[in-house]
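**Student:** sequence? don't have it. structure:
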């Protein structure tokens, strides 16, 4: 089955927000949810980031809410728009939280790069189709605009530049820190709760297996057997081939509607999200 590409005909220099919505809410909502979860894992492996998250004590005591707040803030920006009143409120809330801590521009750029690069790599490896040049450019333009609104400077201008930034930063900064490992363990424990309890050990093992080897090493996780690693990646690729045969999604899947969001059963206010 050949599916239409919803963003065909749109201009990634102008319509990047609409392209981002079509990409994330219609074509690849599940893939994006997974990719961004593992993108956040990568940030913990930079000790200056992992230590900060550990010292806030939020990831050890209220991991679910920290997950929900991050997902909802980013999700509302996509859903409502970067220039909308709710979108600007979400960005202002993120800036308030980040402004409480001494976070370098380099670390902020790296975190932003994970949001640009990792969904692209995930979809191109496991999705039901590859990304298009229009989607690649739109993703860069979307996050460049978000980065500017967050006060992040010296941003790359294209996908290749963001990939170089990410790969070079990880090669230079990834290393083991027990506090980073504690944050990663708490997040892995949370991920296992999204599936039936008896599957928790398998989910943890699977999650570690699909991490890049240098990320596992930075956390001190054991490398899985080669056959299990191939099986894990193969299972995700198989899912993509199955999805290719399914009917197109006709309704958006928004972050606020995800079953993984559990902290606000009665609804939420943007200004109350976060630390």
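**Tutor:** Yep, that arrived. Because the structure is a prediction, the values reported are computed rather than measured.
**Student:** which stretches of the stretch 1-150 of the chain aren't confidently modelled?
**Tutor:** Applying pLDDT under 70 to the stretch 1-150 of the chain flags residues 1-2, 57-61.
**Student:** ok, residue 129 touching residue 248?
**Tutor:** No: counting by CB atoms under 8 Å, residue 129 does not reach residue 248; the two are 11.8 Å apart. The way it works is simple: take the backbone N, C-alpha and C, and place the C-beta from them, glycine included.
**Student:** relative to residue 117, how far out is residue 168?
**Tutor:** From residue 168 across to residue 117, the span is 12 Å (CB to CB, to the nearest Å).
**Student:** between those two, who's got more neighbours?
**Tutor:** Higher neighbour count among residue 168 and residue 117: residue 117, with 24 against 12, using other CB atoms under 10 Å.
**Student:** ok, residue 269 - how many residues close by?
**Tutor:** Counted by other CB under 10 Å, the residues lying close to residue 269 total 9.
**Student:** please state the backbone phi and psi of it?
**Tutor:** Phi and psi for residue 269, reported as degrees, to the nearest 10, are phi -120, psi 130.
**Student:** so where do the helices sit in the protein?
**Tutor:** Assigned by DSSP state H, the helices in the chain fall at 16-21, 29-44, 47-55, 58-61, 63-80, 85-99, 105-126, 133-149, 159-173, 178-192, 200-209, 213-219, 226-243.
**Student:** so for residue 270, which of those sits nearest?
**Tutor:** The stretch from the helices of the chain with the least distance to residue 270 (CB to CB) is helix 85-99; that distance is 4.7 Å.
**Student:** now do that closest one against helix 133-149: the angle between them, please.
**Tutor:** 60 degrees (axes from the mean of the first three to the mean of the last three CA atoms, to 10 degrees).
**Student:** helices or strands next to helix 85-99 in the packing?
**Tutor:** When contacts are defined as 3 or more CB pairs under 8 Å, 6 or more residues apart in numbering; DSSP states H and E, helix 85-99 sits against helix 63-80, helix 133-149.
**Student:** can you count the residues close to residue 54?
**Tutor:** 21.
**Student:** residue 274: neighbour count?
**Tutor:** 19.
**Student:** give the contact list for it.
**Tutor:** Residues in contact with residue 274 (CB atoms under 8 Å, 6 or more residues apart in numbering) are 69, 73, 93-94, 96-97.
**Student:** returning to that earlier point: residue 129 and residue 248: which is more packed in?
**Tutor:** Legend: neighbour count by other CB under 10 Å for residue 129 and residue 248, higher for residue 129 (15 against 10).
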